[in-house]
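Student: build me a structure from this.
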Amino acid sequence: MSKEVVIKAEGVSKLYRLGQIGTGTLSHDLKRWWAVTRGKEDPYLKIGVENDRTKKATSDYAWALKDINFEVKQGDTLGIIGKNGAGKSTLLKILSRVTSPTQGAVKVKGRIASLLEVGTGFHPELTGKENIYMNGAILGMTRKEINRNFDEIVNFAGVELYINTPVKRYSSGMYVRLAFAVAAHLEPEILIVDEVLAVGDAEFQKKCLGKMGDVASHGRTIIFVSHNMQAVQSLCKSTMYLKAGQLQDYGQTSAVINKYLSKEVKNCLQRSWERSDAPGNDVVSLLSAQIIPRTDDSDVILISTAIDIEFRFVVHKEMDLCLSFLLYTTSGNCIFNVGTPTEVLKPGEYHSRLKIPGRLLNDDIYTINLLFVKDTSVIVYQVEDLLTFEVADEVRTAQWYGKWPGAIRPDLDFSLL
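Tutor: Numbering: from 1, shown residues only. This next block holds a predicted model:
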């Protein structure tokens, strides 16, 4: 039996006037009214530019979304990915009816619970308990239904001690914990979650993903926006890729993520800084990081290519330090974590090198995180997404379609005896 369509977007577009609050100027309103009165098209819908943050504006108007079409069925989990400014949050606001589309229409069937930013739907002067009941009432829940879920909401959020405290005194982490718990436990038919889960710690993010998976398993619909490709991959059956307000791809999650990463993630093989502006703190500063392929063609790193990764840094205080190197795929999987021996480093400049042999990494896009660790356990400084590089496959056999499986691809001695 086919599932019922609960969200349908038809030609959804959203036009914003740059640098203005409201609908625009009186002269523009009069021109728009005169055009509509004569049965003509709104003249300002024709001149909006693409919402590309890398280009200088050539118009007073920009399309945050342009002609978006899709549908979501009951019980589906839809991920929405794209760079900052792609239109993800605008689309969620339209789906949540926070704002209206300039063109097109969205049809929604069912109660929607939205978590679009920290504190969504909360009144700062009310206590956590009062906000739970207020949000439940907004969602159309009866007091009996809210009472049934109240203890579970408080336990999930971990704010029992502060439940009778006005939420204006909550930290951002407490805010989002309670807001998510309310949205997920008050039984909406559709749950919409933006990137706000990034405010919580890793344990809470894992807990939230588990809860969303549980919600989906009970036939409710989830729309999830995140920059964490691993979270999207694990939760969402289908994914939508937006770029500059336009739909680039919509389909099976792994295929859409691969397309997004191949188009949006660029190689960054070298970074350096002067001492005066080097990232760091009063303990250590990073001067440079560089990936050096051991091949004649430095622009291409193949699976057979060995690479050296070098770092230069300055120690400001004598301390027991080691460097911890973490290699991630851009979908969020950590391939390995390796560290230097802990040594007493005196103030001065240091140089380190990590050698990665060929035929170890699979074809993928990788990012590097570097940590400076004190006494083997205390992180004194870290740099995330320090370098990015792509490892390309040398050949695709006719029998194998798509990416070779596995996080790594070592050349091991495996033979019949």
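Student: Thr340: neighbouring residues, count only.
Tutor: Applying other C-beta atoms under 10 Å, we find 14 other residues in the vicinity of Thr340. Any C-beta I mention is one placed from the backbone N, CA and C, and that applies to glycine too.
Student: flag the shaky bits of the stretch 51-200 of the chain, pLDDT-wise.
Tutor: For the stretch 51-200 of the chain, the stretches with pLDDT under 70 are 51-60, 117-121, 196-200.
Student: can you give me the strands for it?
Tutor: 61-73, 77-81, 103-108, 112-115, 190-193 (DSSP state E, counting those that start in this stretch).
Student: CA atoms of stretch 105-115 as CSV?
Tutor: What follows is stretch 105-115, C-alpha atoms only, in CSV (Å, rounded to 0.1, in the frame of the first residue of the first chain):
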residue,chain,number,x,y,z
ALA,A,105,2.5,26.8,-2.7
VAL,A,106,3.2,24.2,0.0
LYS,A,107,0.5,21.7,1.1
VAL,A,108,1.0,20.1,4.5
LYS,A,109,-1.1,17.5,6.1
GLY,A,110,-0.6,17.0,9.9
ARG,A,111,0.7,18.8,12.9
ILE,A,112,4.2,20.2,12.6
ALA,A,113,6.8,20.7,15.4
SER,A,114,9.7,22.9,14.3
LEU,A,115,13.1,23.4,15.9
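Student: which parts of that stretch are buried?
Tutor: By 16 or more other C-beta atoms under 10 Å, the buried positions in stretch 105-115 come out as 106, 108, 111-115.
Student: kindly report the same for stretch 346-355.
Tutor: Across stretch 346-355, burial judged by 16+ other C-beta under 10 Å covers 350, 354.
Student: what about it, distance to the chain center?
Tutor: Between the centre of stretch 346-355 and the centre of its chain there are 33 Å (C-alpha atoms, centre = their mean, to the nearest Å).
Student: coming back round to it: tell me which of the strands of the stretch 51-200 of the chain lies nearest to Arg169.
Tutor: When those are compared by C-beta to C-beta, strand 112-115 sits nearest Arg169, at 20.3 Å.
Student: residues touching Asp375, list them.
Tutor: Residues counted as contacts of Asp375 (C-beta atoms under 8 Å, 6 or more residues apart in numbering) are 320, 342.
Student: so how far is Cys268 from it?
Tutor: 31 Å (C-beta to C-beta, to the nearest Å).
Student: now swap in Met134 and tell me
Tutor: Distance from Met134 to Cys268, by C-beta to C-beta: 46 Å.
Student: and Ala183, by the same measure?
Tutor: Noted for Ala183: a distance of 37 Å to Cys268, by C-beta to C-beta.
Student: ok, Glu195 next?
Tutor: As judged by C-beta to C-beta, Glu195 and Cys268 stand 23 Å apart.
Student: who's more crowded, those two?
Tutor: Glu195 (18 against 15).
Student: that one against Val225, yeah?
Tutor: Yes. Look at Glu195 against Val225 with C-beta atoms under 8 Å: they come within range, at 5.7 Å.
Student: rewinding a little: could the buried residues of stretch 105-115 go into CSV alongside distance to Thr388?
Tutor: Putting these into CSV (distance: C-beta to C-beta, whole Å) gives the following:
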residue, distance to Thr388
Val106, 36
Val108, 38
Arg111, 41
Ile112, 37
Ala113, 36
Ser114, 33
Leu115, 30
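Student: and which of the residues you listed is nearest to Asp393?
Tutor: Among the buried residues of stretch 105-115, and counting by C-beta to C-beta, the member closest to Asp393 is Leu115, at 39.4 Å.
Student: skip the chain neighbours and tell me the closest residue to the residue positioned nearest the centre of the chain.
Tutor: Among the residues of the chain, His227 comes closest to the average C-alpha position under C-alpha atoms, centre = their mean, at 1.4 Å. Nearest residue to His227 in three dimensions, chain neighbours excluded: Glu195, at 6.4 Å (C-beta to C-beta, 6 or more residues apart in numbering).
Student: list the contacts of the one you found.
Tutor: Applying C-beta under 8 Å, 6+ apart, one finds that Glu195 lies in contact with 225-227.
Student: so how far is Arg271 from it?
Tutor: Using C-beta to C-beta, Glu195 is found at 25 Å from Arg271.
Student: and stretch 9-16, what's its mean pLDDT?
Tutor: Confidence over stretch 9-16 (mean pLDDT, whole number) is 87.
Student: Pro410 contacts Arg359, correct?
Tutor: Yes. The pair Pro410 and Arg359 passes the contact test of C-beta under 8 Å, sitting 6.4 Å apart.
Student: more neighbours: which of those two?
Tutor: It is Arg359, of Pro410 and Arg359, that has more neighbours when counted by other C-beta under 10 Å, with 14 against 10.
Student: didn't that one look like it was pressed against Asp411?
Tutor: Yes. The pair Arg359 / Asp411 is scored as a contact, 3.7 Å apart, by C-beta under 8 Å.
Student: distance from the chain centre to the top strand by length along the chain, please.
Tutor: When the chain is scanned for its longest strand (criterion: DSSP state E), the result is strand 378-392. Relative to its chain's centre, strand 378-392 lies at 17 Å (C-alpha atoms, centre = their mean).
Student: next one: stretch 174-190
Tutor: That offset, for stretch 174-190, works out to 19 Å (C-alpha atoms, centre = their mean).
Student: the residue nearest to the centre of the chain and Ile81 touch, don't they?
Tutor: Yes. Counting by C-beta under 8 Å, His227 does reach Ile81; the two are 7.5 Å apart.
Student: go ahead and confirm Asn131 touches Val182.
Tutor: Yes. Counting by C-beta under 8 Å, Asn131 touches Val182, with 7.4 Å between them.
Student: with neighbour numbers in mind, choose between the two.
Tutor: Just comparing Asn131 and Val182: by other C-beta under 10 Å the higher neighbour count belongs to Val182, 27 against 23.
Student: burial measure for Gln252, as a count.
Tutor: Gln252 has 12 nearby residues by other C-beta under 10 Å.
Student: what pairs with the closest residue to it other than its chain neighbours across the strands?
Tutor: Leaving aside its chain neighbours, Gln252 sits nearest to Ser238 (6.4 Å; criterion: C-beta to C-beta, 6+ apart). Beta-bridge partners for Ser238, by DSSP bridges, are Leu78, Gln252.
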